[in-house]
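>>> Turn this into a structure:
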Amino acid sequence: MEIVLAEQMRKIDNFCIENLLIPSIILMENAALKVLDNIDINKYEDITIICGSGNNGGDGLALARHLFVMNKNVRVFIIGEKSKLTVDCEINYNILCKMNIHVEFINSNEELNSLKKAIDKSSLLVDAILGTGLSREVKGILREAILLINNCSASILSIDIPSGLNSDTGEVLGCAVKAHRTVSFQYYKRGFLRYGAEAYTGEVVVEKIGIPDLVKDEFSLKEFISEKSFIAEAIPVRGKQSHKGDFGRVSIIAGSRDFSGAAYIATEAAVRSGAGLVTLCCHDSIKEIMSNKLIEAMTVSFKDKERLNDILMKSDAIAIGPGMGDCVETFKILKDVIQYTNCPIVIDADGINVLKNNLNILKGKRNQIVLTPHLGEMSRITGIPVETIKRNRVDIAKTFAKEYNVIVLLKGFNTVITDGDTLVINTTGNSSMASGGMGDCLTGIITSFIGQGLEPLKAAYVAAYIHGYCGDILSEKNYCVTAREVINKLPLAIKGLTH
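So this is what the prediction gives:
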């Protein structure tokens, strides 16, 4: 599913109207019908629809007509003046008038009393006041109407976007409707991704309104929400005559005396997600322990330099960082790996931490690099406060990825994956997975899929989806989910996605 900014959506609408000759009133009618599909008609009898004077309001007026035909008790209000109705909004207003459906205009605090009485009697409120074009703070009578909506006990449905929410940033512009469900049209709005936006959008449903797929190519849309079919198509097909050499040589550089678990988790995740040959490269202090625990993977000590170098030079993908410690030695190993190897590298955990004040080593690379920071690690290497990153995750991740020519997988709710141009937002995973080792597990899966032949960006978003998908399945029965449980679930979950 594509993600759009408000200006992109405006251009797409204009293209459909001017180039494809789809009348705008038809798009409005389709939108109203899709909203109707999302209303439990048997549940609600008394419905209040509150519209603005723009095309978002026109969607609400068209919806009112359909609900009236279905014999629902519908009250309709327009916040604004009749003279300021857009062309399509006015067409739907005139239709309601011809059908003897009373529409009240609200332009003063005194007139708000009528709206309040209708709200108090309603079981469903439909917010069709302000659309995706909003860019200024909500004030005056619009603000008062939104506050009335938020103080009611009825179920609230917003059309396209909750009124008062910035479509691009998810910022609340003074005040915004707190909807229980938002029915948006054709494409996902970038602002829905902001941390905290769900408090205003509620459940987001994206409905198609008759815009053909050729529009995506016309506008080169490059931001996406990951969906199951999208991921399933990307998972490598395992041929009948394939052997372990066909599924990649993967090296995991990880662990230290105090953090051997990170090394084990990352390595096992790579094995269980399908890599052909996996080798853990680690400190001599934990090599024997890891050799005993890792039945299907090989191990090599940093001390065995000749064998270590041979393994790394023959690798199809390398992961580095989990449990290594934020220290000079880790930085030296990372620098050498970037300088002397040619395959893609996944950098996680302490591999990221040691990049603080050392980001210049990314610019001289020969490898494709995937960085997998959480918010704290991203803050550490960029100097940007965590709260600022939370508010601007997409733009900050894209800017960093472009500047250093790397792929960034910024972990968290709705994980961001980008190479600075293309953006994929992961939709799987949940708070039951909030436990130690989950990041190490994800690192192993990404590296495994790169080893199996996926281009690093694709490997990153496929791995993120599968990682969260396992967590979602496990959390149906488990209060909390561990990395070990995700690892055990991987083969079955991946198989399930491909069938």
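
>>> just checking, what packs against the helix or strand harbouring residue 182?
Assigned by DSSP states H and E, residue 182 belongs to strand 181-185. Contact analysis of strand 181-185 by 3 or more C-beta pairs under 8 Å, 6 or more residues apart in numbering; DSSP states H and E lists helix 24-37, strand 155-159, strand 203-207 as its packing neighbours. All C-beta spots, glycine's among them, are computed from the backbone N, C-alpha and C.

>>> Distance from the helix or strand just after it to the middle of the chain?
Next in sequence after strand 181-185, counting helices and strands by DSSP H and E, comes strand 188-189. In terms of C-alpha atoms, centre = their mean, to the nearest Å, the centre of strand 188-189 is found 10 Å from the chain centre.

>>> do the same with stretch 309-320
Here the centre of stretch 309-320 is set off from its chain's centre by 31 Å, with C-alpha atoms, centre = their mean.

>>> related to what we said a few turns ago, same list as before, the helices and strands packed on strand 181-185 that is, but in JSON lines and with mean pLDDT included.
Formatted as JSON lines, these follow (pLDDT from 0 to 100):
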{"stretch": "helix 24-37", "mean pLDDT": "95"}
{"stretch": "strand 155-159", "mean pLDDT": "96"}
{"stretch": "strand 203-207", "mean pLDDT": "94"}
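
>>> Give me whichever of these is most buried.
With neighbours defined as mean count of other C-beta atoms under 10 Å, the helices and strands packed on strand 181-185 peak in mean count at strand 155-159, which reaches a mean of 26.

>>> Run through who's touching it.
Here strand 155-159 makes contact (C-beta atoms under 8 Å, 6 or more residues apart in numbering) with 31, 35, 38-39, 44, 56, 59-60, 63, 123-128, 131, 149, 177-183, 201-202.

>>> so residue 346 is in which element?
strand 345-347.

>>> sorry, back to before: ok and the strand holding residue 182 relative to strand 155-159, angle-wise?
For strand 181-185 against strand 155-159, the angle by axes from the mean of the first three to the mean of the last three C-alpha atoms, to 10 degrees is 20 degrees.

>>> Can I get strand 181-185 in CSV? Just the C-alpha atoms.
What follows is strand 181-185, C-alpha atoms only, in CSV (Å, rounded to 0.1, in the frame of the first residue of the first chain):
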residue,chain,number,x,y,z
ARG,A,181,-12.0,4.9,13.1
THR,A,182,-10.7,6.8,10.1
VAL,A,183,-11.7,5.8,6.6
SER,A,184,-9.0,7.2,4.3
PHE,A,185,-9.0,7.0,0.6
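
>>> thinking again about what came up before, can you tell me the strand partners of the strand holding residue 346 and which way each runs?
strand 317-320 (parallel), strand 369-371 (parallel) (DSSP bridges).

>>> How far off centre is the last one?
The reference is to strand 369-371. So, by C-alpha atoms, centre = their mean, the centroid of strand 369-371 is 19 Å from its chain's centroid.

>>> Can you name the residues in contact with the strand holding residue 346?
With C-beta under 8 Å, 6+ apart, strand 345-347 has contacts from 317-321, 334, 337-338, 355, 367-372, 443, 446-447, 450.

>>> Confirm that residue 104 sits in a strand.
Yes. With DSSP: H, G, I helix; E, B strand; the rest coil as the criterion, residue 104 is part of a strand.

>>> Mind checking what secondary structure the closest residue to it other than its chain neighbours has?
The shortest distance from residue 104 to any non-neighbouring residue, by C-beta to C-beta, 6 or more residues apart in numbering, is to residue 77 (5.1 Å). The assignment at residue 77 comes out as strand when based on three-state DSSP.

>>> Could you do residue 145 as well?
Once three-state DSSP is applied, residue 145 turns out helix.

>>> And the pLDDT at it?
Per-residue confidence (pLDDT) for residue 145: 94.

>>> Can you give me the domain assignment for the protein?
Listed by automatic domain parsing, the domain ranges of the chain are 3-221, 229-497.

>>> List the buried residues of the strand or helix carrying residue 261.
If you go by DSSP H and E, residue 261 is part of helix 260-272. For helix 260-272, a neighbour-count test (16 or more other C-beta atoms under 10 Å) marks 260-272 as buried.

>>> What of stretch 348-358?
So stretch 348-358, judged by 16+ other C-beta under 10 Å, has buried residues 348, 349, 350, 351, 352, 353, 354, 355.

>>> which residues touch the residue most central in space within the chain?
In the chain, the residue lying closest to the centroid (C-alpha atoms, centre = their mean) is residue 425, at 3.0 Å. Neighbouring residues of residue 425 by C-beta under 8 Å, 6+ apart: 3, 193, 223, 224, 225, 226, 414, 415, 416, 417.

>>> Mind putting the residues you listed into TSV with pLDDT?
Shown next, in TSV, are those (pLDDT from 0 to 100):
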residue	pLDDT
3	91
193	89
223	91
224	93
225	92
226	92
414	91
415	95
416	96
417	97
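
>>> out of those residues, which is most surrounded?
Sorting the contacts of residue 425 by how many neighbours each has (other C-beta atoms under 10 Å) puts residue 417 first, at 30 neighbours.

>>> quick revisit: doesn't residue 106 make contact with the residue nearest to residue 104?
Yes. With contact defined as C-beta atoms under 8 Å, residue 77 counts as touching residue 106 (5.6 Å).

>>> which of the two has more neighbours?
residue 77 (26 against 23).

>>> Quick check: the gap between that one and residue 91.
18 Å (C-beta to C-beta, to the nearest Å).

>>> One more: residue 45?
27 Å.

>>> Can you give me the buried ones in stretch 41-50?
Neighbour-count burial for stretch 41-50 [16+ other C-beta under 10 Å]: 44, 47, 48, 49, 50.

>>> Dump the residues you listed to CSV, plus secondary structure, pLDDT and distance to residue 496.
Below are the buried residues of stretch 41-50 laid out as CSV (DSSP: H, G, I helix; E, B strand; the rest coil; pLDDT from 0 to 100; distance: C-beta to C-beta, whole Å):
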residue, secondary structure, pLDDT, distance to residue 496
44, coil, 91, 37
47, strand, 94, 41
48, strand, 95, 44
49, strand, 96, 42
50, strand, 96, 44
